[in-house]
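> Turn this into a structure:
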Amino acid sequence: MIDMKRRSVLAGAAALTTASLAGPVRAQPAKPARIVVNASGGAQAAGLRKAFFEEFEKRFGIRVVDSSPPDLGKLKAMVTTGNVEWAITELAIEEAYRAEAEGLLEPIDHKIVDFSRFPANLRDRKHIFTRSVYSTVMGYRTDSWAAGKGPQSWADFWDVRKFPGPRTLQNKPLDNLEFALLADGVPLDRLYPLDVDRAFRKLDQIKRHVTVWWATGAQSAQLLIDKECVLGSAWNGRYFAAIGQGAPIHVEWNQAGIKESAFVIPKGTKDAYWAQQMFQVMTDARLQAVYANLATYPGLNLDSPQYVDPKVASHLPTHPDNINRQFWQDVQWWMANARSVEDRWAKWLIG
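Got it, this is the predicted structure:
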């Protein structure tokens, strides 16, 4: 009897020791009534809700409130003041790296978020969740040029005699520097490091033909819908949504710029645990396919493409007919050079 009690005490002590070595057990925090996910809005907002937010709400009983637009400056102000409104926010990938370097982000909890089916180079990300990829593509109205008969390269975009009409480009140097260099004959695989002086010299040639420098994704497509411009750039999902509503727009994938769409968790948010759970929902291959079907921004779970509607697949940046015709943004180059280039862009635009 004594031996049995002794064995029981020893077993209990061993269990306590094991628990101590393993660390404290993670306690699930109390559920909030809601969390806020800040993203780009528009067609993306509907896609996020249908693909991910509804599933999250069903699993956890927490309402997801969406807001927009992404804003690195606002994120920094929230973190600095300790008044963080967002559980998750979207950022341009280079802004996400900048936020990471400045200590503005919560680390991803890999015990919750499973990256095992993501590409190998993305599995060890510490703070940045690659929700999807998207492309900045060229689009034109098909009542100006028949589909496939309009501009097919950025050199064509710059050719205002062969392809006349008002143009629109984003009010940022990102993508536009690359497009200018491609228009000037630089091959896709030799874009980086960007020759900034050469790019601005080429931009000088097209500047007066760009009647609107768009500021939001919604504006980029609406300019073509309203025929305020006949040729421009936009994120591929914006044109896809417009085409789905009957807009006479053709998308040209040649020399498009493909890049990651990043989601991050602001440092100090009270809803960090639930943000991790949202990320885990977003890794689901079938849910990623639902999102791609709606917004044409595919996720990077390697199992996801098999679930995408074949009619939508050809509109995806990752479709075999599209992916190799594009360039991948060099995030590290932009991180090192963005501030000086953005300053130069602002002066060039008003000069």
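> most centrally placed residue in this structure?
By CA atoms, centre = their mean, the chain has its centre lying nearest to Ser261, at 1.5 Å.
> Tell me the pLDDT of it.
According to the per-residue confidence, Ser261 scores 86 in pLDDT.
> Can you list the strands that the helix or strand encompassing Val212 pairs with?
Using DSSP states H and E, Val212 sits in strand 210-214. Next to strand 210-214 in the sheet, as set by DSSP bridges, lie strand 167-170 (parallel).
> Now Asp184. Nearest residue, chain neighbours left out?
The spatially closest residue to Asp184, leaving aside those adjacent along the chain, is Lys202, at 4.6 Å (CB to CB, 6 or more residues apart in numbering). Yep, even glycine has a C-beta here, placed from its N, CA and C like the rest.
> ok, now which ones touch the one you found?
Trp158, Ala180, Leu181, Ala183, Asp184 (CB atoms under 8 Å, 6 or more residues apart in numbering).
> switch the cut-off to 7 Å
Applying CB atoms under 7 Å, 6 or more residues apart in numbering to Lys202 gives the contacts Ala180, Leu181, Ala183, Asp184.
> where's the nearest residue to Trp158 once chain neighbours are set aside relative to Ser153, distance?
Spatial nearest neighbour of Trp158, excluding adjacent residues (CB to CB, 6+ apart): Ala183 at 4.4 Å. To Ser153, Ala183 is 8 Å away according to CB to CB, to the nearest Å.
> Tell me which of the two has more neighbours.
Ala183 (21 against 15; other CB atoms under 10 Å).
> pretty sure the more buried one is touching Ala155, no?
Yes. The pair Ala183 / Ala155 is scored as a contact, 4.8 Å apart, by CB atoms under 7 Å.
> Show the pLDDT at Gly12.
Looking at Gly12, the pLDDT reads 44.
> likewise the one 5 residues further on?
With respect to pLDDT, Thr17 scores 38.
> Where does Pro164 sit: helix, strand or coil?
Assigned by DSSP: H, G, I helix; E, B strand; the rest coil, the conformation of Pro164 is coil.
> follow-up on the earlier one: quick check on the residue nearest to the centre of the chain: phi, psi?
Dihedral pair for Ser261: phi -100, psi 120, per degrees, to the nearest 10.
> Over to the one 5 residues further on?
The phi/psi pair for Pro266 (degrees, to the nearest 10) reads phi -60, psi 140.
> Tell me, how many residues neighbour it?
Pro266 has 24 nearby residues by other CB under 10 Å.
> need the contact list for the nearest residue in space to it that is not next to it in sequence.
Nearest non-adjacent residue to Pro266, counting by CB to CB, 6+ apart: Val84, 4.8 Å away. Contacts for Val84 (CB under 7 Å, 6+ apart) come out as Met78, Pro266, Gly268, Thr269.
> returning to what we had before: quick one, grab the pLDDT at the residue nearest to Asp184.
Reported pLDDT for Lys202: 98.
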